[in-house]
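> no sequence on hand, only this structure:
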């Protein structure tokens, strides 16, 4: 996702967390594999000072890189990792992460209700990760065209907006969102008949789509050039970016729901010190950390409802959080067929 890694933690986190973590033996090292912004200096220092351990942080640039690093040594090079929900089926199948004992993570009690039972991280009754930050794939619209927010994804097929719609060039997001539009209950495990209906629906959508965009900045740039009323978004921060460019943009979660992503912390199967890994996750679930995530990034956090409320993120219960689909390759092939088919 876009720039959700880029924020600076306030010095008050250090003070807030310093008294919250359990003591651990000195000279230990916790090896962290994560995104930039998920291991900022204040909370790293708080963790280190209280536990007596050192955090060795390795930053990643993609989900594929995380899997490459984890599979190279069966996870033995890292103790904790951060990754989003659709990746956990594969991580568990390949025995790269271990179940998390929430009883040993006191701050798990801080999790908001929407994040206490995320099915994508539970396998055979065991929880393999802890939710940390979240966001959505919403519908963005120009308020000049919509004094009242559109309430359904079906607006993307409305002839009234032909040539005034932007869509993401993303196979899975396009297919899941269309499945929601068609009322399918499980957009991650589709039948052949459902795939066929989605294909026809997305080919039909080409009547209204001016362009597919391939990145966060690309979508903002095309929208800001004018002549666009609607966009299937890559995430909440596109709204303020559009507003900075003079577009009276807003977002909505349609009545059918929308895709949600959650970044979670997990403990590697090769962790050298599980207790130390649990202490790290406990740090991440402090409400002070959640507050700053939302204030600095504009994305949701999983522990501080007031911070989410302050930035308008009150719709976690309306989201369908990403899970591993039945076949990524099948979805990519279908999307390529759709893009290659002329509009009706």
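Yes, it's here. Here the structure is a predicted model, which is why all the values come from computation and not from measurement. Numbering: from 1, shown residues only.
> what's around the nearest residue to residue 154 once chain neighbours are set aside, how many residues?
Distance criterion CB to CB, 6 or more residues apart in numbering; nearest residue to residue 154, sequence neighbours excluded, is residue 181 at 6.2 Å. Bear in mind the C-beta positions are built from the backbone N, C-alpha and C, glycine included. A total of 22 residues lie near residue 181 under the criterion other CB atoms under 10 Å.
> please shift the residue numbers so they start at 13 in all later answers.
All set: I'll call the first residue 13, so the last point we hit is now residue 193.
> so who does residue 193 touch?
By CB atoms under 8 Å, 6 or more residues apart in numbering, the contact set of residue 193 is 164-166, 213, 268.
> now a ChimeraX select for only the buried ones of those.
Per 16 or more other CB atoms under 10 Å, the buried members of the contacts of residue 193 correspond to this ChimeraX selection:
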select :165,213,268
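> for residue 79, list the residues it contacts.
99, 102-103.
> and these, which are buried?
99, 103.
> wait, which of the contacts of residue 79 is closest to residue 355?
Nearest to residue 355 among the contacts of residue 79 is residue 99, at 34.1 Å by CB to CB.
> so what's the backbone phi/psi at that closest one?
The phi/psi pair for residue 99 (degrees, to the nearest 10) reads phi -90, psi -10.
> wait, it sits on residue 75?
Yes. At 5.9 Å, residue 99 and residue 75 qualify as touching, with contact defined as CB atoms under 8 Å.
> gap between the host helix or strand of residue 67 and the chain center?
Element membership for residue 67 (DSSP states H and E) is strand 66-71. Computed by CA atoms, centre = their mean, to the nearest Å, the chain-centroid distance of strand 66-71 equals 22 Å.
> next: stretch 245-259.
Its chain's average C-alpha position is 17 Å from that of stretch 245-259, according to CA atoms, centre = their mean.
> isn't there a strand covering residue 87?
No. Counting by DSSP: H, G, I helix; E, B strand; the rest coil, residue 87 falls outside a strand, being coil.
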